[in-house]
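[1] Next comes the sequence, and after it the predicted model I'd like to discuss.
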Amino acid sequence: MIYTIENVYIQPVNNHHILFNTISPQQSIIYLPTPITSYTYTQPIQTQYIYSVKPINQQTTELKKSSHDFLQKERIKSPIKRPITPLTAEEQLDLNLLRYGYRRQFVNGDGNCFFTAIASQLITLYNQDRSFRIAIKQRLNLPENIFNNTTQLARTLRKLVCLEWKINDSKYKPYINDVNYYDEIRKFRSDKFYSSILGDILPLTISNLMGINIKIITNLTQCPLIDICPQDEPKLSMKSIPMLTLAYNQENDGHYDIAIDKRVKDY
C-alpha cells in the first residue's frame, strides 16, 4: 500500500521500516497566447529517508529522540527523468518569427500559397508606395487592374515564373538534377500545382524576376533565416527598396505564409 500526502510518498519496505520519498517541486511549463523565446527546466531532486518503525505489539507512549531511533538515514540525489515534449513545426516557426520581430499572416494551403503570399504583399506595396507602383509596373509590364485581385495576380506570377525558367534556362537548370527540366516547367504551369523540385528555386526566381530581396523565416532551428537577393538583375530603381517577407514551414510538402511585423495589423 502506498499513501500519498501532497509531495510526500510513504511506502512500507519491510516489517520494521517505512520509506519516505519527498519530491521537490519543479518549474511548470506555462503556455502563453504568444510564443515564448526561452524557458528553463529544472530536474527535481528525489530525497529518500528510511526510518525504523517498531512493530505494533511494541507500542510506546513516549517518542525517543536518541540516535538509536534511526537505523539509517540517507539522502540520495537522483534526477527524475521527465522528458520535455519537443516543439511542433508550427510552434518552432512561430518562435523563430518572434525572435526576428515577426508573426504569421496565414495563407490558404491550396497549392498556390507561395504565389498568394507574394501577390498579397505586392498589392499592399503597390497601393501604399507610389514609387514602388511605378517601378513594379515597368518591371513586370502588367496592367494596373491586376493589382486589385490577389488570386489573379498570383496566377499571373506563376506564369511569369515559368516563362523566366524557360527563357533563362542556363541560369536555373544547374539547380535541377535527375529530372527533365522542361517537363517540370510544363507541370508547374498548372494552377495549384506545387509538387516539383522547381519549387525549391521559387524564391530565387521571384527575386530575380522583380529585382527585390526576399527574407524567409523557417521552422528550422539550425537555419531559421534565409536571405535571398537577385543574382544578376539590377534592383528596382527606387531610393528605398522594400523587402518581401515569408514564413516557411518545411514539414510535409511545405507551406508558405506571410511574415509581417508583429506590431502591424494584417494586410
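    That came through fine. Here the structure is a predicted model, which means the values were calculated and not measured.
[2] Which helix runs longest in this protein?
    Criterion DSSP state H: the longest helix present in the chain is helix 150-167.
[3] Quick one: list the elements packing against that helix.
    helix 113-128, helix 181-188, helix 202-210 (3 or more CB pairs under 8 Å, 6 or more residues apart in numbering; DSSP states H and E). All C-beta spots, glycine's among them, are computed from the backbone N, C-alpha and C.
[4] Can I get these in CSV including mean pLDDT, mean neighbour count and distance to C223?
    Below are the helices and strands packed on helix 150-167 laid out as CSV (pLDDT from 0 to 100; neighbours: other CB atoms under 10 Å; distance: least, CB to CB, whole Å):
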stretch, mean pLDDT, mean neighbour count, distance to C223
helix 113-128, 96, 21, 18
helix 181-188, 93, 15, 25
helix 202-210, 95, 21, 14
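[5] Redo the ones you listed as JSON lines? Include distance to T150.
    Below are those laid out as JSON lines (distance: least, CB to CB, whole Å):
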{"stretch": "helix 113-128", "distance to T150": "5"}
{"stretch": "helix 181-188", "distance to T150": "20"}
{"stretch": "helix 202-210", "distance to T150": "15"}
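[6] Between the ones you listed, which one is closest to L87.
    Taking CB to CB, helix 113-128 is the member of the helices and strands packed on helix 150-167 nearest to L87, at 21.8 Å.
[7] what's the angle from that closest one to helix 150-167?
    110 degrees (axes from the mean of the first three to the mean of the last three CA atoms, to 10 degrees).
[8] can you list contacts of the helix or strand just after helix 113-128?
    Of the helices and strands lying after helix 113-128 in sequence (DSSP states H and E), the nearest is helix 130-140. Residues from elsewhere that reach helix 130-140 (CB atoms under 8 Å, 6 or more residues apart in numbering): 122, 125-127, 144, 147, 160, 209-211, 236-240, 242.
[9] Select, from those, the two members most distant in space.
    L160 and K239 (25.4 Å).
[10] Which one's more surrounded, those two?
    Between L160 and K239, counted using other CB atoms under 10 Å, the more crowded position is L160 (18 against 5).
[11] I'd say the more buried one and N208 touch.
    No: contact between L160 and N208 fails when scored by CB atoms under 8 Å: they sit 10.9 Å apart.
[12] just to revisit the earlier point, tell me the helix or strand right after the longest helix of the chain.
    Following helix 150-167 toward the C-terminus (DSSP H and E): helix 169-172.
[13] contacting residues around that next one?
    Here helix 169-172 has contacts from E164, W165, Y181, I201, T205, N208, Q231, D232, using CB under 8 Å, 6+ apart.
[14] what would those look like in CSV with distance to K265?
    Formatted as CSV, the contacts of helix 169-172 follow (distance: CB to CB, whole Å):
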residue, distance to K265
E164, 33
W165, 36
Y181, 42
I201, 32
T205, 30
N208, 31
Q231, 34
D232, 37
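[15] out of these, what pair is the most spread apart?
    Taking CB to CB as the measure, the contacts of helix 169-172 have their most distant pair in Y181 and D232, spaced 19.5 Å apart.
[16] Neighbours of the residue nearest to D200 when sequence neighbours are not counted, how many?
    Once flanking residues are discounted, D200 sits nearest to Y175: 7.1 Å by CB to CB, 6 or more residues apart in numbering. By the criterion of other CB under 10 Å, Y175 has 13 neighbours.
[17] ok, now how distant is Y175 from T205?
    Distance of Y175 to T205, given as CB to CB, to the nearest Å: 10 Å.
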